[in-house]
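Novice: Predicted model and sequence follow; I will ask about them next.
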Amino acid sequence: MKLPELVFYTRSRCPLCDKAKDVLMEVKKEHGFTLVERDIDETDELTEKYGLMIPVVEIDGKEVQFGHIDSTIIAEALTEKK
């Protein structure tokens, strides 16, 4: 079975992103997924799209949550994928 792909849009020196990554690592222990981190500062397109929203979590191409990342919402979204 293929694991869902979770894309985590982030940037350096972002305390909210650091907290969000901790949340994602906790969720990953119970709900398997492939984590792909994307630094929005790598391209102008990503900076323009997500600059005020980060951190952003996308699962299999669908934006699930941004800003304050909640483990319950992410876990529910992953459960729906199974």
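Specialist: Yep, that arrived.
Novice: so where's the protein shaky on pLDDT?
Specialist: 1, 82 (pLDDT under 70).
Novice: all strands of it, in order?
Specialist: 5-10, 34-39, 56-59, 62-66 (DSSP state E).
Novice: of those strands, which approaches L78 most closely?
Specialist: strand 56-59 (6.6 Å; C-beta to C-beta). Just so you know, the C-beta spots here come from the backbone N, C-alpha and C atoms, and that holds for glycine as well.
Novice: roughly how far out does that closest one sit from the chain middle?
Specialist: 4 Å (C-alpha atoms, centre = their mean, to the nearest Å).
Novice: Give me the contact list for that strand.
Specialist: 4-9, 20, 24, 33, 50, 63-66, 69, 74, 77-78, 81 (C-beta atoms under 8 Å, 6 or more residues apart in numbering).
Novice: Is there a quick PyMOL command that grabs whichever of those are buried?
Specialist: With 16 or more other C-beta atoms under 10 Å as the criterion, this PyMOL line picks the buried residues out of these:
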select buried, resi 4+6+7+8+9+20+24+33+50+64+65+66+69+74+77+78
